[in-house]
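Chemist: sequence unknown, structure follows:
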């Protein structure tokens, strides 16, 4: 039982990070109808920037404080992600207004490859560390109930708290600020939004910036857990079933979807894996999605589209 | 009195009494919208051919014509959704070669849509609040941090929106997502969102399409009140001839992309070409 709990908690933590990446997908899809294939590349790019800048900046400024160095690096990486958002709007999306969804998807695929490569050109292609000072020591819970207790990674707890806080802040921002309202308006109907004077290009820059911010936080947490390397970009492939499971347009869906896939794949790997030779973790999410789509084609939380005939 | 003359948010948007309303004919002013010789075609289809007409301040101007006559295309040209290939459109004496919907909105022109284009997932209040987007001045950070200035602004805009909700008599549905409202009410919300912009000119694309008699009467009353109380200039497309003849000051008639009539309702009604377009020529 203790082991089961431990696996579940580990899965939830992983799931939280899938949720973060999925959140980036959902934000952009909601506001612009673009399925942003480059979300994974943005995570890698942001993580690389964070890792390298947190080396370069303290070095250049002769800073001793690690906290200050990390803060500066975070701020600089954020500025970089905003610049990326602006460039994407300027050079790619702005030119493709009113094009087919497939065209936009291909464009983001292009952006994805470009960022994968360009990030490594700028920041190098080794494996880097991000050290944001998360405690690495494990703690044991419920020691009186189970023999040996339940081992939980403290780092995971902090990461989960950061992710949860981020999600709450974003939800509040979208629900309660005029800009959030404008973003939802654009998501609902481009034409009508323009007619009341909402500037599409600005909204897109904001959305991509927010997605960049989410990518930066996700990249930072993953990077501090596992190191920054090219495989981070593949994370997007893990988040894909999460997004579809939750429903492309639903922020809560992205979160629940992430947790379901995260725990599901860990539990199945540990408990079913040995029976059939392992490797379940890799395909588990996709199989769950297929099953869900059979019953709910719009995903768990997606909007059901009803057309008047 | 124009909407712009009202102080932005504190003055009541909806006056409770007629404050010394003048006879309407005298309030009609200068030409504020001048459409000159515009032509628009989509590939080989000529949607509009050499159309000219003008709209005077404070008037209710109707555009009528059989299906496919080019009415919506004309409205979309004025609104900047389509760019006519020939001709010019000037608004308050300023002529634009290329305009998009957003720039038109900034110049005080609001519109409603023939096939509703509301933000379906948002409630009535949020739909109307988004109509005040152009009037919101606080920046992203003030909003995100909920600074007092941003909160004050939000409250002031909310008051204006509540007044429009009262005016359109949709109080019971304030928090309902508009996608769930019946069609007639959605049309009203669409009008409300346009009114929230406090426009000087309102473009209405078939505001009464698909409505029953009672809903039509309500909508007529709202349109007349808006025109009367705020002096908003109104350009509307409508199929219901009774309505058009009742409420409009001047009527433009289109058929197959050409203008076949222009003038006061009584005159247009007796124009033989117009009669032919609607009833068919007698051979």
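Modeler: That came in fine, so what should we check first? All values reported here derive from a predicted model rather than from experimental measurement.

Chemist: how many neighbours does the closest residue to chain B within the stretch 1-150 of chain A have?
Modeler: Chain B sits closest to residue A:30 of the stretch 1-150 of chain A, with a gap of 9.6 Å, by CB to the nearest CB. To be clear about C-beta, it is placed using only N, CA and C from the backbone, and glycine gets the same treatment. When neighbours are counted by other CB atoms under 10 Å in any protein chain shown, residue A:30 registers 21.

Chemist: residues of the helix or strand encompassing it that come out buried?
Modeler: Of the helices and strands defined by DSSP states H and E, residue A:30 is found in helix A:2-32. Of the residues in helix A:2-32, A:2, A:5-32 count as buried by neighbour count, 16 or more other CB atoms under 10 Å in any protein chain shown.

Chemist: got the residues of chain A near chain B?
Modeler: For chain A, the residues in contact with chain B under the definition CB under 8 Å from any CB of the partner chain are A:173, A:177-182, A:184-185, A:187-189, A:191-200, A:206, A:303.

Chemist: Now, of those, which are buried?
Modeler: Neighbour-count burial (16+ other CB under 10 Å) is assigned, among these, to A:173, A:177-182, A:184-185, A:187-189, A:192-200, A:206.

Chemist: Could you list the low-confidence segments of chain B?
Modeler: Applying pLDDT under 70 to chain B picks out residues B:1-26, B:97, B:279-283.

Chemist: In it, what residue spans correspond to strands?
Modeler: Chain-ordered strands for chain B, with DSSP state E as the definition, fall at B:31-42, B:45-56, B:60-64, B:86-91, B:94-96, B:109-111, B:201-205, B:233-237, B:250-255, B:258-263.

Chemist: Switch those strands over to TSV; also include mean neighbour count and distance to residue A:289.
Modeler: Putting those into TSV (neighbours: other CB atoms under 10 Å in any protein chain shown; distance: least, CB to CB, whole Å) gives the following:
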stretch	mean neighbour count	distance to residue A:289
strand B:31-42	17	41
strand B:45-56	18	44
strand B:60-64	25	50
strand B:86-91	16	51
strand B:94-96	12	49
strand B:109-111	27	41
strand B:201-205	25	41
strand B:233-237	24	46
strand B:250-255	24	52
strand B:258-263	18	55
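
Chemist: can the ones you listed go into JSON lines with extra columns for distance to chain A?
Modeler: Below are these laid out as JSON lines (distance: least, CB to the nearest CB, whole Å):
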{"stretch": "strand B:31-42", "distance to chain A": "15"}
{"stretch": "strand B:45-56", "distance to chain A": "18"}
{"stretch": "strand B:60-64", "distance to chain A": "18"}
{"stretch": "strand B:86-91", "distance to chain A": "15"}
{"stretch": "strand B:94-96", "distance to chain A": "16"}
{"stretch": "strand B:109-111", "distance to chain A": "5"}
{"stretch": "strand B:201-205", "distance to chain A": "9"}
{"stretch": "strand B:233-237", "distance to chain A": "14"}
{"stretch": "strand B:250-255", "distance to chain A": "22"}
{"stretch": "strand B:258-263", "distance to chain A": "25"}
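
Chemist: Next, format those strands as a markdown table and append distance to residue A:129.
Modeler: Putting those into a markdown table (distance: least, CB to CB, whole Å) gives the following:
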| stretch | distance to residue A:129 |
| --- | --- |
| strand B:31-42 | 59 |
| strand B:45-56 | 63 |
| strand B:60-64 | 67 |
| strand B:86-91 | 60 |
| strand B:94-96 | 56 |
| strand B:109-111 | 55 |
| strand B:201-205 | 59 |
| strand B:233-237 | 64 |
| strand B:250-255 | 70 |
| strand B:258-263 | 73 |
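
Chemist: With residue A:39 as the reference, name the closest of those.
Modeler: Nearest to residue A:39 among the strands of chain B is strand B:109-111 (35.4 Å), distances taken as CB to CB.

Chemist: If you count contacts, what does that closest one end up packed against?
Modeler: Here strand B:109-111 touches helix B:183-196, strand B:201-205, going by 3 or more CB pairs under 8 Å, 6 or more residues apart in numbering or on different chains; DSSP states H and E.

Chemist: What strands line up against it, and which way round?
Modeler: Neighbouring strands of strand B:109-111 in its sheet, by DSSP bridges, are strand B:201-205 (parallel).

Chemist: could you give the angle of the strand it pairs with to strand B:60-64?
Modeler: Using axes from the mean of the first three to the mean of the last three CA atoms, to 10 degrees, the inter-axis angle of strand B:201-205 relative to strand B:60-64 is 30 degrees.

Chemist: Taking strand B:31-42 as reference, get the angle to strand B:201-205.
Modeler: 40 degrees.

Chemist: Count the residues that sit near residue B:232.
Modeler: Residues contacting residue B:232 under the criterion other CB under 10 Å number 24.

Chemist: wait, it sits on residue B:200?
Modeler: Yes. Contact criterion CB atoms under 8 Å: residue B:232 and residue B:200 qualify, at 6.6 Å.

Chemist: ok, residue A:255 - contacts?
Modeler: The neighbours of residue A:255, taking CB atoms under 8 Å, 6 or more residues apart in numbering or on different chains as the test, are A:19, A:22, A:23, A:167, A:246.

Chemist: and if you look at residue B:234?
Modeler: Under the criterion of CB under 8 Å, 6+ apart, the contact list for residue B:234 reads B:59, B:60, B:61, B:201, B:202, B:204, B:223, B:226, B:227.

Chemist: same question, residue A:124
Modeler: By CB under 8 Å, 6+ apart, the residues touching residue A:124 are A:48, A:52.

Chemist: Can you name the element that comes right after the helix holding residue A:30?
Modeler: Immediately after helix A:2-32, counting by DSSP H and E, sits helix A:39-61.

Chemist: So which bits of that next one are buried?
Modeler: Result for helix A:39-61 [16+ other CB under 10 Å]: buried residues A:39-55, A:57-58.

Chemist: Report the distance from that helix to the chain centre.
Modeler: Helix A:39-61 sits 17 Å away from the centroid of its parent chain (CA atoms, centre = their mean, to the nearest Å).

Chemist: What is it packed up against?
Modeler: Helix A:39-61 sits against helix A:2-32, helix A:66-87, helix A:101-123, helix A:200-226, helix A:235-246, with contacts defined as 3+ CB pairs under 8 Å, 6+ apart.

Chemist: which residues touch the third one?
Modeler: Contact partners of helix A:101-123, identified using CB under 8 Å, 6+ apart, comprise A:32-38, A:40-42, A:44-45, A:48-49, A:51-52, A:84, A:88, A:92-93, A:96, A:230, A:233, A:236.

Chemist: mind listing what residue A:145 touches?
Modeler: Residue A:145 touches residue A:2, counting by CB under 8 Å, 6+ apart.

Chemist: For residue A:1, give me the pLDDT.
Modeler: You'll see residue A:1 listed with a pLDDT of 72.

Chemist: ok, it to residue A:268 distance?
Modeler: Distance check for residue A:1 against residue A:268: by CB to CB, to the nearest Å, it reads 18 Å.

Chemist: Neighbour count for these two, which is higher?
Modeler: Between residue A:1 and residue A:268, residue A:268 has the larger neighbour count (other CB under 10 Å), namely 19 against 10.

Chemist: Same question for that one, what's its three-state structure.
Modeler: Remark: residue A:268 carries the secondary structure label helix [criterion: DSSP: H, G, I helix; E, B strand; the rest coil].

Chemist: do residue A:130 as well
Modeler: Secondary structure state of residue A:130, per three-state DSSP, is coil.

Chemist: Tell me who's in contact with it.
Modeler: Neighbour list for residue A:130: A:47, A:50, A:51, A:54, A:220, A:223, A:224, A:227, A:228 [criterion: CB under 8 Å, 6+ apart].

Chemist: How many residues are close by the closest residue to the first one other than its chain neighbours?
Modeler: If you skip the residues right next to it in sequence, residue A:47 has residue A:219 as its closest partner in space, 3.0 Å away by CB to CB, 6 or more residues apart in numbering or on different chains. As a burial measure, the neighbour count of residue A:219 was computed by other CB under 10 Å and equals 30.

Chemist: Alright, calling it a day.
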